[in-house]
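Enquirer: structural data only, the sequence is not supplied:
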Ligand code: PMP
Ligand code: GLU
């Protein structure tokens, strides 16, 4: 048939995390017992005071259109949080865009930073260390960016070195991504490492790429357990105006379904960029759901204890997950210090065969076989880029009991391989 959808989407890579989670959910609906280690979605319920704030607003009639980038009160609460907790000294409410989740903030941001090229023009570059979250590269390419990967390894603790970054920057560089704590690697940059990275960026902005912007995705900032303090690179004055800090409430406040996120950018350029985000959002989705604004304020001002108890639970699960994985023969698992993902290297299984005759040639085959043969759902590492192809991602945003049951099954799966 001649009917088609635009190339823009027919060539778009679907989100592997969402796809695998949906598949596992469909199998569960068909009656199969599936242990879910796919989504980065806290299993906790949203704290009560957050729900109450939304219910109160709903009953009070806050059900109409609101200012596109958020009501002034909520933008002010977010700006205050970023100034006091993250050291982003120059952030005012006008430097904040409130979006339908961190993913929406990132999507809009890439649309505002990149253009599709005119004939004869070379695309601008987006520097992305890999392995990295599955959505960064597709969202960037959709906006017209050329993705330049910086490969990290287990040996480098999945961190890019200042020298690697320096080498990747060219006059065409438009944006550099940072995501600490990292999805899927679970690693964090220390303050001193981020200061070294910042020094390279400041220098490059003067001598090579004047239009360079840093995107710092800090959505896992509260879920840390390795003794490394979270540090926001946008707090470094020389980099402040070039840094866009992206965050969201999905992870720290167990609010994945609420779709609440934000972007913050400082200084004069920050204002222009946030206004551009507003123009785009005004033609796209208008404001986020109106009665979610008070819920955001309740989360950011009243829920420190809830956040801490969820963090402590994730910390215990990280220990259980890494200890259990370390007991599996031929599986190497770097120890996560933040977020809620284990990222074991399962490449020793490549070339082996399962009891039903499936040959494991990749982490996609590995996850496919685990799902079909033992009912365990994990994300293949391919989609995270780079060395990710040798790994699988196991989210431990689930109970300790589920972790034990899952690793028991995985242990048998591995020992049955021939
Ligand atoms: N950044 C990272 C690194 C993520 O893992 C996710 C996935 N939740 C997001 C951003 C977006 O999350 P949300 O849209 O739920 O805020
Ligand atoms: N970010 C989470 C994950 O990686 C949620 C799904 C998604 O948006 O990718 O699992």
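Expert: Here it is on my side, so go on. The structure presented is a predicted model; accordingly, all values stated were derived computationally and were not measured. Ligands and ions are numbered 1, 2, ... in the order given.

Enquirer: could you pull out the helices for the stretch 101-250 of the chain?
Expert: Counting by DSSP state H, counting those that start in this stretch, the stretch 101-250 of the chain has these helices, from start to end: 102-113, 136-142, 162-168, 191-207, 237-240.

Enquirer: for these, which one sits closest to residue 346?
Expert: helix 136-142 (22.4 Å; C-beta to C-beta). The C-beta positions use only the backbone N, C-alpha and C, and glycine is treated the same way.

Enquirer: sorry, back to before: single out the most deeply packed of the helices of the stretch 101-250 of the chain.
Expert: Stretch with highest mean neighbour count among the helices of the stretch 101-250 of the chain: helix 102-113 (a mean of 23; mean count of other C-beta atoms under 10 Å).

Enquirer: report all helices and strands that that helix contacts.
Expert: The helices and strands touching helix 102-113, judged by 3 or more C-beta pairs under 8 Å, 6 or more residues apart in numbering; DSSP states H and E, are strand 96-99, helix 136-142, strand 173-178, strand 213-217, strand 243-248, strand 261-265, helix 267-282.

Enquirer: let's see that with 7 Å instead.
Expert: strand 96-99, helix 136-142, strand 213-217, strand 243-248, strand 261-265, helix 267-282 (3 or more C-beta pairs under 7 Å, 6 or more residues apart in numbering; DSSP states H and E).

Enquirer: about what we covered before: and of the helices of the stretch 101-250 of the chain, who's closest to ligand 1?
Expert: For those, the distance to ligand 1 is smallest for helix 102-113, at 3.1 Å, taking C-beta to the nearest ligand atom.

Enquirer: relative orientation of that closest one and strand 213-217 in degrees?
Expert: Computed by axes from the mean of the first three to the mean of the last three C-alpha atoms, to 10 degrees, the angle separating helix 102-113 from strand 213-217 equals 170 degrees.

Enquirer: for ligand 1, what are the nearby residues on the stretch 151-300 of the chain?
Expert: Neighbours of ligand 1 within the stretch 151-300 of the chain, by C-beta under 6 Å from any ligand atom: 179, 183, 217, 219, 248, 250, 256, 261.

Enquirer: what residues does the residue nearest to residue 87 when sequence neighbours are not counted make contact with?
Expert: Spatial nearest neighbour of residue 87, excluding adjacent residues (C-beta to C-beta, 6 or more residues apart in numbering): residue 235 at 3.2 Å. Residue 235 sits next to 86, 87, 88 when contact means C-beta atoms under 7 Å, 6 or more residues apart in numbering.

Enquirer: show the end-to-end separation of stretch 66-74, please.
Expert: End-to-end distance of stretch 66-74 (C-alpha to C-alpha, to the nearest Å): 12 Å.

Enquirer: ok, and what's touching that stretch?
Expert: With C-beta under 7 Å, 6+ apart as the test, stretch 66-74 has contacts from 75, 93, 96-98, 274, 277-278, 281-282, 286-287, 290, 293, 296-297.

Enquirer: hmm, 6 Å instead?
Expert: The contact list for stretch 66-74, computed with C-beta atoms under 6 Å, 6 or more residues apart in numbering, reads 93, 97, 98, 278, 281, 282, 286, 287, 290, 293, 296, 297.

Enquirer: what's the farthest-apart pair in these?
Expert: Maximum pairwise distance among the contacts of stretch 66-74 (C-beta to C-beta): 22.7 Å, between 282 and 297.

Enquirer: what number of residues lie near the nearest residue to residue 398 once chain neighbours are set aside?
Expert: Spatial nearest neighbour of residue 398, chain neighbours left out: residue 43 (5.4 Å); criterion: C-beta to C-beta, 6+ apart. Per other C-beta atoms under 10 Å, the neighbour tally for residue 43 reads 17.

Enquirer: helix or strand: which one has residue 43?
Expert: Of the helices and strands defined by DSSP states H and E, none includes residue 43.

Enquirer: again, but for residue 78
Expert: Short version, using DSSP H and E: residue 78 is in helix 72-86.

Enquirer: so which bits of that helix are buried?
Expert: Using 16 or more other C-beta atoms under 10 Å as the test for burial, helix 72-86 gives 74, 75, 76, 77, 78, 79, 81, 82, 83, 86.

Enquirer: pick out whichever of those sits closest to residue 199.
Expert: residue 86 (19.7 Å).

Enquirer: pretty sure that closest one sits against residue 233.
Expert: No. At 9.8 Å, residue 86 does not count as touching residue 233 under the criterion of C-beta atoms under 6 Å.

Enquirer: which ones are touching the residue of the stretch 301-418 of the chain found nearest ligand 1?
Expert: Per C-beta to the nearest ligand atom, residue 339 is where the stretch 301-418 of the chain lies closest to ligand 1, at 7.5 Å. Contacts for residue 339 were tallied using C-beta under 6 Å, 6+ apart; they are 181, 183, 186, 220, 223.

Enquirer: rerun that using 7 Å as the cut-off
Expert: Each residue near residue 339 by C-beta under 7 Å, 6+ apart is listed here: 181, 182, 183, 186, 220, 223.

Enquirer: can you count the residues close to the second one?
Expert: Neighbour count for residue 182, taken as other C-beta under 10 Å: 27.
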